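Novice: this one's sequence-less:
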């Protein structure tokens, strides 16, 4: 989320036989009887109102994923916290956790550049803030965020009437393997950003959980012969990050994935190939967070594999959640976040129908299915 972009699915390049075998095994497996705390999440496109947040909580939602963007007018100047303050306060009052992904850079740190091949004038940071003034500024921003919202955060001292629910988990960037979030994706550069971020986070909260930014599982553009690449498959990007950044394993706890695909039946292949990379690099114990997953309720179309219609969207959710329930131990799935809460036409090619709710927060069939899985109390 967070930028206009096209969702294209590169799943057709997967080995169909492997996926089919995995799927059969999972369909025969028993459904998990219980889920970990904070397992169920959502990603809003427009931050919900207080009554809407409470409805989400009653429906079984544990966590809301939001961008925590680096907004700072000048080097060494004040960082803008007002928007995040309001979101954290609203979430705490609704008894929901906030999962922030740390993202972005002001123009003085990293110049924006046009997204290659985009038609709507979108821009993205030209590169990641890993060195020089940009790197120092990023480290200061990250540490300041933890010092504000973490266990010893100034936010809690300034809001003593609120229950203290500090942020313990932090994501580093978003879809760093895809051109819409950094114009020139670079696995080694991202590894350096993770290492730099980890030092800043742990200086303020040594026990924090650090999660990689959600990797778009199989962007179709990763199959195009662009030099330099405009996108990578998640597994390939992760493998290159390890190889180009020695010691990066110690800088993060878990990996996040955005397994967008035309059908939930392809999920096993997308999750398994990432797990193979983790095993190859001695990190089999790290978990997977699915920090975006979703389909659109828009009318099915041969031009958009994510558009399923109202009932079809609910069927995809039920199929995906069922697979994850049965296979979460195999894949070490820690959390699942549905994208999104609401419809926002124009934000991406399927964002106008991906919400669990329509206008005026009217629930779709997919919301009722979500509530059943999350064992919520209201629909």
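Specialist: Cool, got the structure. All values derive from a computational prediction rather than experimental measurement.
Novice: mind listing the strands in the stretch 201-350 of the chain by residue range?
Specialist: 209-212, 215-216, 255-258, 288-293, 333-339 (DSSP state E, counting those that start in this stretch).
Novice: and residue 88, that one's in a strand?
Specialist: No. Counting by DSSP: H, G, I helix; E, B strand; the rest coil, residue 88 is not found in a strand; it is helix.
Novice: Please read off the pLDDT at it from the model.
Specialist: Reported pLDDT at residue 88 in the predicted model: 98.
Novice: just to revisit the earlier point, the strands of the stretch 201-350 of the chain into a markdown table, with extra columns for mean neighbour count and distance to residue 44?
Specialist: Heads up, the C-betas are built off the backbone N, CA and C, glycines and all. Below are those laid out as a markdown table (neighbours: other CB atoms under 10 Å; distance: least, CB to CB, whole Å):
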| stretch | mean neighbour count | distance to residue 44 |
| --- | --- | --- |
| strand 209-212 | 22 | 19 |
| strand 215-216 | 30 | 19 |
| strand 255-258 | 26 | 16 |
| strand 288-293 | 25 | 12 |
| strand 333-339 | 24 | 9 |
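Novice: Go through the ones you listed and name the closest to residue 154.
Specialist: Shortest distance between residue 154 and those, using CB to CB, is found for strand 209-212: 20.7 Å.
Novice: can I get the strands of the stretch 201-350 of the chain in CSV with distance to residue 360 and mean pLDDT?
Specialist: CSV is the format used below for those (distance: least, CB to CB, whole Å; pLDDT from 0 to 100):
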stretch, distance to residue 360, mean pLDDT
strand 209-212, 34, 99
strand 215-216, 31, 98
strand 255-258, 28, 98
strand 288-293, 24, 98
strand 333-339, 19, 98
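Novice: so which of those strands gets nearest residue 246?
Specialist: Comparing those by CB to CB, strand 209-212 comes nearest, at 16.7 Å.
Novice: I'd like to know which elements the closest one is packed against.
Specialist: strand 169-172, helix 187-204, strand 255-258 (3 or more CB pairs under 8 Å, 6 or more residues apart in numbering; DSSP states H and E).
Novice: just to revisit the earlier point, now the strands of the stretch 201-350 of the chain in TSV, with distance to residue 56?
Specialist: Compiled in TSV, those are given as follows (distance: least, CB to CB, whole Å):
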stretch	distance to residue 56
strand 209-212	21
strand 215-216	25
strand 255-258	20
strand 288-293	16
strand 333-339	10
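Novice: closest one to residue 309 among these?
Specialist: strand 333-339 (17.0 Å).
Novice: Please verify my assumption that residue 321 contacts residue 375.
Specialist: No. Using CB atoms under 8 Å, residue 321 is not in contact with residue 375; the gap is 11.8 Å.
Novice: more crowded one of these two?
Specialist: residue 321 (21 against 11; other CB atoms under 10 Å).
Novice: Helices of the chain, start to end?
Specialist: Along the chain, counting by DSSP state H, helices occupy 16-28, 50-58, 82-93, 132-149, 154-158, 187-204, 234-244, 267-280, 309-331, 365-374.
Novice: In CSV: the ones you listed, plus distance to residue 215.
Specialist: Converted to CSV, the helices of the chain look like this (distance: least, CB to CB, whole Å):
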stretch, distance to residue 215
helix 16-28, 19
helix 50-58, 26
helix 82-93, 24
helix 132-149, 20
helix 154-158, 30
helix 187-204, 10
helix 234-244, 4
helix 267-280, 8
helix 309-331, 14
helix 365-374, 23
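Novice: For the residue positioned nearest the centre of the chain, give me its contacts.
Specialist: Most central in the chain under CA atoms, centre = their mean is residue 291, positioned 3.4 Å from the mean C-alpha point. By CB atoms under 8 Å, 6 or more residues apart in numbering, the residues touching residue 291 are 41, 43, 65, 99, 101, 171, 211, 214, 256-258, 335, 337.
Novice: can you tell me how far it sits from residue 113?
Specialist: Distance of residue 291 to residue 113, computed by CB to CB, to the nearest Å: 26 Å.
Novice: now do residue 193
Specialist: Residue 193 sits 18 Å away from residue 113, going by CB to CB.
Novice: So for these two, which sits in the more crowded spot?
Specialist: More crowded of residue 193 and residue 113, by other CB under 10 Å: residue 193, with 30 against 14.
Novice: Quick check, that one in contact with residue 181.
Specialist: No. Counting by CB under 8 Å, residue 181 is not a contact partner of residue 193; they are 12.0 Å apart.
Novice: so where's the stretch 1-150 of the chain shaky on pLDDT?
Specialist: Residue ranges of the stretch 1-150 of the chain with pLDDT under 70: 1-33.
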